[in-house]
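Participant: here is the input, now give the coordinates:
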Amino acid sequence: QVQLVESGGGLVQAGGSLRLSCAASGGIFSSYSMGWFRQAPGKVREFVAAINWNSDSTYYADSVKGRFTISRDNAQKTVWLQMNSLKAEDTATYYCAQAGLQLGPRLPRNTFEYDYWGQGTQVTVSS
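Facilitator: Numbers count the residues shown, from 1 in each chain. Coordinates of the predicted model:
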C-alpha cells in the first residue's frame, strides 16, 4: 500500500517562498508520475503540477507556471514543490498524489488519473 506524507506548509507573506515535500512509502515510487494538487475552501481540487517517472517531463497549471517548480528524487522516494513569488490566491491545502499506470507521454492532470493521495499540507499566503 502506497502512503504519501506531505510537509513544509505554513504561513508566508505574499512574494515569499515555500518548499513542500512529499515522502512516499510502499509501492514502486520510481515507476509512476507524481503530481501536486490544491484545494481552497469551497472550491474544487485543482491541478498544480506533475512530473514523470524519470523527471524529464513536467507540466504546470497556467496559474503557477514560472513560479512553481516540481522535482523528485527516486532514491529518496520524495517529490518536492518549490513555490516562489507566492500570492494570496495560492492559499490552499496542497496534496501530493501518485498517478496510475500511464500509457503515453501525456502527464496526468485530472484527479481521477491519480490512485494515491496524501493527507495534505496547509499553505496560507498573507497579503
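Participant: nearest spatial neighbour of the residue nearest in space to the middle of the chain, skipping sequence neighbours?
Facilitator: For the chain, the residue nearest the mean C-alpha position is residue 36 (1.9 Å; CA atoms, centre = their mean). Nearest non-adjacent residue to residue 36, counting by CB to CB, 6 or more residues apart in numbering: residue 48, 4.3 Å away. Quick note: C-beta positions are derived from backbone N, CA and C, even for glycine.
Participant: what's the host helix or strand of residue 36 packed up against?
Facilitator: Applying DSSP states H and E as the criterion places residue 36 in strand 34-39. Judged by 3 or more CB pairs under 8 Å, 6 or more residues apart in numbering; DSSP states H and E, strand 34-39 is in contact with strand 18-25, strand 46-51, strand 68-73, strand 78-83, strand 92-99.
Participant: wait, residue 97 sits on residue 119?
Facilitator: No: applying CB atoms under 8 Å as the test, residue 97 and residue 119 come out as separate, 11.4 Å apart.
Participant: these two: which is more packed in?
Facilitator: More crowded of residue 97 and residue 119, by other CB atoms under 10 Å: residue 97, with 26 against 11.
Participant: pretty sure residue 1 is touching residue 115, no?
Facilitator: No: the criterion here is CB under 8 Å, and residue 1 misses it with residue 115 at 10.8 Å.
Participant: the two: which is more packed in?
Facilitator: residue 115 (14 against 6).
Participant: now the closest residue to the more buried one other than its chain neighbours: phi and psi?
Facilitator: Nearest non-adjacent residue to residue 115, counting by CB to CB, 6+ apart: residue 100, 4.6 Å away. For residue 100, the backbone dihedrals are phi -80, psi -170 (criterion: degrees, to the nearest 10).
Participant: which pLDDT value goes with residue 100?
Facilitator: Confidence at residue 100, expressed as pLDDT, is 90.
Participant: list the contacts of it.
Facilitator: 32, 108, 113-115 (CB atoms under 8 Å, 6 or more residues apart in numbering).
Participant: hmm, residue 22 is touching residue 9, no?
Facilitator: No: between residue 22 and residue 9 there is no contact under CB under 8 Å: 11.2 Å.
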